[in-house]
Every structure is written in C-alpha cells, then in structure tokens.
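Visitor: Sequence first, predicted model second:
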Amino acid sequence: MPPPESHGWQVPAVSWLLDFCPSEYRLYAGWRRQPVALAWMTTRHIDSQLVAMRQAYREVRVELGDHLTSEGLAQVLADLETEGVRLLAARRSAGLVYDALQGKRYVPRL
C-alpha cells in the first residue's frame, strides 16, 4: 500500500480494507465513499474475529476433544494460533490505516 502522503493512496487502502471484511461489504458504495468509516468498521470486524478465535482456542479441547485424534487436536490448535497471529497483524495494520485516514502521522523511529 502506498504511504499516506502519496496522491490517491485512499483507493488502494479501501481495496485492502475490504479484503479483511465479508465479501458483501463490496456491495455498499458508502464504504468506498467514506474510507474512514470502512477502516473503523474493519477494525471492529477484525476485533470480533479475534474474540471468536480466542474463544475457539479456549473451548476446542472440551468441544471437539472426543471427536479428534490427539494429532488432529494439535493441528487445530496450531491452526487457531496461526490465524490468531495473522488477525493480530491485520488488526494493527487496519488500525494504522484508520489513523492515517484521520490525518494522524507517525514519525519513523530508528
């Protein structure tokens, strides 16, 4: 994604944000016209996914323990952990895009 100082950077930002939302969000023109609202909604959507992922991680042993082999359970736990890490990175990135769309700028640190 281009830096916020680039001309027209909001267009690829909107496409990038929509990639983290349900596909139906692409049907609403308002999200494209109001990218700060889309970024706001995207952060909330990712937050919800994180809550669900954490809950699934806590409950998978009890809910599916009798239905999975020990290797299968270990793989499901590993997959949930990997997805959680991906969602955390996406949440941080979406939050930074949200900040940029509001005009906030960060100075790089060495």
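Guide: The structure has been received and is ready for your questions. Residues are numbered from 1 along each chain as shown.

Visitor: what about Ala78, neighbour count?
Guide: Ala78 is flanked by 10 other residues according to other C-beta atoms under 10 Å. Glycine gets a C-beta too; all of them are placed from N, C-alpha and C.

Visitor: by contact count, what packs against the lowest-mean-pLDDT helix or strand in the chain?
Guide: Within the chain, no helix or strand scores below helix 29-33, which has a mean of 92 by mean pLDDT, DSSP states H and E. Packing partners of helix 29-33 (3 or more C-beta pairs under 8 Å, 6 or more residues apart in numbering; DSSP states H and E): helix 10-18, helix 35-64.

Visitor: Can you name the residues that contact the residue lying closest to Leu80 once chain neighbours are set aside?
Guide: Setting aside the residues directly before and after it, Leu80 is nearest to Tyr57 in space (C-beta to C-beta, 6 or more residues apart in numbering), at 4.7 Å. Contact analysis of Tyr57 by C-beta atoms under 8 Å, 6 or more residues apart in numbering lists Leu77, Leu80, Glu81, Gly84.

Visitor: what's the offset of the helix or strand hosting Leu88 from the middle of its chain?
Guide: Following DSSP states H and E, one finds Leu88 within helix 70-101. How far helix 70-101 lies from its chain's middle: 8 Å, per C-alpha atoms, centre = their mean, to the nearest Å.

Visitor: Likewise for stretch 69-77?
Guide: 25 Å.
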